[in-house]
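Chemist: Sequence and predicted structure below; questions after.
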Amino acid sequence: MTRIAIAGAGGRMGQALVGAVTDHPRASLGAASERAGSALVGEMLATGGEPVRVVADIAEVVDDFDVLIDFTRPEATVAHAALCRARGKRLVVGTTGLGAEQEAELRTASGHVPVVFAPNMSVGVNLTFRLVELAARVLGDSVDIEILEAHHRHKVDAPSGTALRLGRIVADTLGRDLETDAVYGREGRTGARERRTIGFATVRAGDIVGEHTTLFAAEGERVEITHRASSRITFASGAVRAAVWLNDQPPGLYDMQDVLGLR
């Protein structure tokens, strides 16, 4: 049985993660945290087994879990990575919006403990990654490629981590540089579209859980590869699957392609 800790257990994603851990036959909730000042700190979470007390600092209960799942904010994730590295705990990270230096901290931690870091833990999204790679390889430079994504009004980063991952897959497959070839929105007289560019369009509205479309458009036809999430449970279930999978892995930096055997 894998003992799992949930960082940010009171948030929308945190609540889904608690439910997914409770439902998994090979996982149990060992610990949970929330930010200092949250009304949830000190409360007991019902888990189907022994109730778990929510703490403000996951370091207080580090002996109660094997794997930490973190879908919080970049600053908190970096601190949690340092804790896991120091205490030999495995780590699953779904936090988006990390900068280059913050991602480097995850790589450093992965030299000591196994880490799964993925912008999207959904099984369906990770299958979509492979389909987009195939489409880019087949259609190549004969199409215009645009990535459209939509999320709820509370999401704080844009484009989403998943959209950026889709862009990187396209760029890597076609030998392009996403740093120079990406176009994030268009306004005014932009001139004709350059074939090499990879366009991104972002929507933030209401309670949209997550939608991503990669559009390959040629003269006379287009191919659209779309994933739509209707519930956060798809991300939570994938994260718990990754946490259980980590039990048998050596130190290293992994993603959901590794977890699902898609490499």
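Modeler: Nice, I can see it. Everything numeric here is computed off the predicted structure, so don't read it as measured data.

Chemist: For the rest of this, base every contact and every neighbour count on C-alpha atoms.
Modeler: Will do.

Chemist: Break down the stretch 51-200 of the chain into its strands, ranges please.
Modeler: When secondary structure is read from DSSP state E, counting those that start in this stretch, the stretch 51-200 of the chain shows strands at 52-55, 67-70, 90-93, 114-117, 144-151, 182-184, 198-204.

Chemist: and residue 27, which of those is closest to it?
Modeler: In terms of Cα to Cα, the element of the strands of the stretch 51-200 of the chain nearest to residue 27 is strand 67-70, at 10.1 Å.

Chemist: Listing partners with orientation, what would you give for the closest one?
Modeler: strand 2-7 (parallel), strand 90-93 (parallel) (DSSP bridges).

Chemist: List the contacts of that strand.
Modeler: Residues outside strand 67-70 that contact it (Cα atoms under 8 Å, 6 or more residues apart in numbering) are 2-8, 77, 84, 89-95, 239-240, 243.

Chemist: at 7 Å instead, please
Modeler: Residues outside strand 67-70 that contact it (Cα atoms under 7 Å, 6 or more residues apart in numbering) are 3-7, 77, 89-95, 243.

Chemist: Greatest separation within those residues: which pair is it?
Modeler: Pairwise across the contacts of strand 67-70, and taking Cα to Cα, the largest span is found between 3 and 95, at 20.4 Å.

Chemist: Least confident secondary structure element in this protein?
Modeler: strand 44-45 (a mean of 90; mean pLDDT, DSSP states H and E).

Chemist: other SSEs contacting that strand?
Modeler: strand 52-55 (3 or more Cα pairs under 7 Å, 6 or more residues apart in numbering; DSSP states H and E).

Chemist: any idea of the mean pLDDT for the strand it packs on?
Modeler: Averaging pLDDT along strand 52-55 yields 96.

Chemist: do stretch 153-165 as well
Modeler: For stretch 153-165, the per-residue pLDDT averages 93.

Chemist: now do the same end-to-end measure for that stretch.
Modeler: Start-to-end span of stretch 153-165 (Cα to Cα, to the nearest Å) is 21 Å.

Chemist: How about stretch 182-198?
Modeler: 5 Å.

Chemist: Also stretch 217-237?
Modeler: Terminal-residue distance, stretch 217-237 (Cα to Cα): 33 Å.

Chemist: Give me the contacts around that stretch.
Modeler: 13, 16-17, 20, 120-122, 125, 142-145, 209-216.

Chemist: Narrow those residues to those that are buried.
Modeler: Among the contacts of stretch 217-237, those classed as buried by 16 or more other Cα atoms under 10 Å are 13, 16-17, 20, 120-122, 125, 143-145, 209-216.

Chemist: need the contact list for residue 153.
Modeler: 204, 205, 206, 207.

Chemist: tell me the contacts of residue 95?
Modeler: Per Cα under 7 Å, 6+ apart, neighbours of residue 95: 70, 71, 72, 73, 74, 119.

Chemist: what's the angle from the host helix or strand of residue 227 to strand 144-151?
Modeler: If you go by DSSP states H and E, residue 227 is part of strand 221-229. Interaxial angle, strand 221-229 versus strand 144-151 (axes from the mean of the first three to the mean of the last three Cα atoms, to 10 degrees): 20 degrees.

Chemist: for strand 221-229, what is the average pLDDT?
Modeler: In the prediction, strand 221-229 has an average pLDDT of 97.

Chemist: and what of stretch 23-43?
Modeler: 94.

Chemist: What lies in contact with it?
Modeler: Under Cα under 7 Å, 6+ apart, the answer for stretch 23-43 is 1-10, 21-22, 47, 52-58, 61, 64-65, 244.
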